[in-house]
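**Q** One predicted model, sequence on top.
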Amino acid sequence: MTLDLSPDELLSTTRAVRKRLDLSRPVPRRLIEECVDLATQAPTGRNRQRWHFLIVTDHDRRQIVADIFRRALAVGGGQPVNERDLRRMNAHPGSMERIHDGLRHLYDNVHRVPAFVIPAVEGRTDRASVLDQSMTWGSILPAVWSFMLAARARGLGTVWTTAQGPLERELAKALGVPYDEVMLAAFIPLAYTIGTDFKPARRVPREEVLHWNRW
């Protein structure tokens with residue numbers, strides 16, 4: 001059964017769900033398979049279809065993956081934010097506090113999440129050119145977003161995280177992924193949501209991001 005959402009509602013209310021993940025209710029395999037079927041209708045460079053979706057639902061395996069998730073968050077990484085980032089992040093008072101609160105909740109309860117979705121793509125972009133990077137990432141990110149939209153339409157919540165990044169090799173080993181050939185693109189908790197009444201996010205004004213004919 002899918003939610004009665006218009007296309008615009010679906011696109012504007014597919015939120016990053018952390019505190020409202022239902023940790024007590026398993027997600028049927030059938031629903032996940034439906035989401036993957038829709039995800040693989042996304043565009044793919046040269047029709048190579050190098051995407052993969054690792055779904056982790058086994059209790060013991062989830063505990064191993066949850067431990068890696070927590071340790072990876074502690075490692076951190078990534079480029080520091082600049083002044084413009086900080087201004088946009090805090091354009092609406094309280095937004096970052098809510099995000100940090102949700103992240104703490106997820107950190108404390110990630111082992112209870114009924115399913116993890118780990119999208120992957122064949123081919124690594126380490127030290128690759130911008131062209132090669134864009135071709136590779138452009139062949140997995142649209143599919144993952146389609147998965148997340150399909151999940152939302154079925155009353156399921158997701159949150160895109162890149163927490164696997166610092167410990168990607170360890171996570172790949174734990175899941176039997178050939179690290180030298182396949183890149184783990186994200187780490188996405190998946191569960192039913194507590195309620196379905198999600199609203200559009202508050203963003204910076206259109207005028208700050210829309211450019212006509214030139215920058």
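**A** Happy to help now that I have it. Values in this document were obtained by computation on a predicted structure and should not be read as measured data.

**Q** Quick one: the helices in the protein, in order.
**A** 7-13, 29-39, 59-75, 83-89, 95-109, 130-137, 141-153, 168-174 (DSSP state H).

**Q** Tell me how many other residues surround Asp37.
**A** 12 (other CB atoms under 10 Å). For glycine as for every other residue, the C-beta is placed from the backbone atoms N, C-alpha and C.

**Q** got it, and Pro80?
**A** The tally of other residues near Pro80 (other CB under 10 Å) stands at 5.

**Q** tell me the pLDDT at it?
**A** Looking at Pro80, its pLDDT stands at 89.

**Q** Nearest to His211, out of the helices of the chain?
**A** Closest approach to His211 among the helices of the chain is made by helix 83-89 (15.2 Å; CB to CB).

**Q** Distance from the chain centre to that closest one, please.
**A** 22 Å (CA atoms, centre = their mean, to the nearest Å).

**Q** Can you list the neighbours in contact with that helix?
**A** The contact list for helix 83-89 (CB atoms under 8 Å, 6 or more residues apart in numbering) reads Val81, Ser95, Met96, Val204, Glu208.

**Q** which one of the residues you listed sits closest to Leu5?
**A** Taking the contacts of helix 83-89 together and measuring to Leu5 by CB to CB, the closest member is Ser95, at 23.5 Å.

**Q** burial measure for the closest residue to that closest one other than its chain neighbours, as a count.
**A** Using CB to CB, 6 or more residues apart in numbering and skipping the chain neighbours, the partner closest in space to Ser95 is Arg202 (6.7 Å). Using other CB under 10 Å, Arg202 has 9 neighbouring residues.

**Q** do Phe187 as well
**A** Per other CB under 10 Å, the neighbour tally for Phe187 reads 25.

**Q** what sits against the residue lying closest to Trp137 once chain neighbours are set aside?
**A** What sits nearest to Trp137 in space, not counting adjacent residues and going by CB to CB, 6+ apart, is Thr125, at 7.0 Å. Neighbour list for Thr125: Asp132, Gln133, Thr136, Trp137, Met183 [criterion: CB under 8 Å, 6+ apart].

**Q** Without its sequence neighbours, what residue ends up closest to the second one?
**A** With CB to CB, 6+ apart as the measure, Thr125 is the residue that lies nearest to Gln133, at 4.6 Å, once sequence neighbours are left out.

**Q** Likewise for the last one?
**A** When the adjacent residues along the chain are set aside, Met183 lies closest to Arg124, with 5.0 Å between them (CB to CB, 6+ apart).
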